[in-house]
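Trainee: Fold the stuff below for me.
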Amino acid sequence: MRPESWFEELTKSLSDGFFADEVILALAKAEHTGHVEGPDQTVMQEVVRFLDSVLQGYRWLDNPKVNDETATNASFFQQAVRASVPSGATESFPLQIEQLKKTAEVLAKAERAEQNDLAALRCFFVRHSTFEMERTETLFDNRIGLGTSAWMTAHG
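Mentor: This is a model prediction of the structure:
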C-alpha cells in the first residue's frame, strides 16, 4: 500500500517534469532564431513567474512566514537548488537565478537573447527535467530492470 501523499507527489513530479520539458522545447526553437514567438512567449512568462518564486523562496529564509504562497515558493526554491550548477558559493545562487530570469523576461517579450544565455537557461531546465524524471521513477517503489517501474514493465 502506498502512503496517502504518494499520488499527490507523483502528480506534482510529473507536472514539474512536463513544465521543464515544455520550456526545453521552447528554448530549442529559440536557439535557432534567438527569440520565441506565440505560445512559447507564454511558456517564458511562466518561467519568469517560476524563477521569481524561486527568488522569493530564497528570501523566505530571512523572514520565514508560513502560508500557501510561501510553501509554494519554498518548493520552487528547492527545485531550483537541485537544478542549479553547484558552485559552492551561496552568494552566486540568487545571481544565477536572476540572470536566468532576465533571459526569460527578454524571451517573453519576443526579443533576442544571447546564445550563451539561452544555453544557460536550457541547461538549468534540462537538469530540472532530469531530476523530476528520476524523482518520478523513485515514486514507483516496485522497480524492475534498468530503472523501469513495475507498472511500466507490465503495461509497456
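Trainee: what about residue 64, neighbour count?
Mentor: Residues lying near residue 64 (other CB atoms under 10 Å) number 8. (Each C-beta comes from the backbone N, C-alpha and C, glycine too.)
Trainee: Give me the distance between it and residue 70.
Mentor: Remark: distance between residue 64 and residue 70 (CB to CB, to the nearest Å) = 8 Å.
Trainee: so the residue nearest to residue 103 when sequence neighbours are not counted is in which element?
Mentor: Nearest residue to residue 103 in three dimensions, chain neighbours excluded: residue 117, at 4.2 Å (CB to CB, 6 or more residues apart in numbering). Using DSSP states H and E, residue 117 sits within helix 115-139.
Trainee: Chain neighbours aside, what residue packs nearest to residue 111?
Mentor: Per CB to CB, 6+ apart, closest to residue 111 is residue 35, 6.1 Å.
Trainee: Surely that neighbour and residue 110 touch.
Mentor: Yes. Under the criterion of CB atoms under 8 Å, residue 35 makes contact with residue 110 at 5.4 Å.
Trainee: These two: which is more packed in?
Mentor: Each of residue 35 and residue 110 has its neighbours counted (other CB under 10 Å); residue 35 has more, 18 against 15.
Trainee: And the pLDDT for that one?
Mentor: pLDDT, residue 35: 85.
Trainee: again with residue 78
Mentor: So, for residue 78, pLDDT stands at 70.
Trainee: Am I right that it sits in a strand?
Mentor: No. Counting by DSSP: H, G, I helix; E, B strand; the rest coil, residue 78 falls outside a strand, being helix.
Trainee: residues in contact with it?
Mentor: residue 57 (CB atoms under 8 Å, 6 or more residues apart in numbering).
Trainee: roughly how far apart are it and residue 22?
Mentor: Residue 78 is 20 Å from residue 22, by CB to CB.
Trainee: Then residue 108?
Mentor: 14 Å.
Trainee: List the buried residues for stretch 100-107?
Mentor: Using 16 or more other CB atoms under 10 Å as the test for burial, stretch 100-107 gives 100-101, 103-107.
Trainee: In a markdown table: those, plus distance to residue 7.
Mentor: Below are the buried residues of stretch 100-107 laid out as a markdown table (distance: CB to CB, whole Å):
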| residue | distance to residue 7 |
| --- | --- |
| 100 | 31 |
| 101 | 32 |
| 103 | 35 |
| 104 | 31 |
| 105 | 35 |
| 106 | 38 |
| 107 | 34 |
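Trainee: Right, I'll leave it there.
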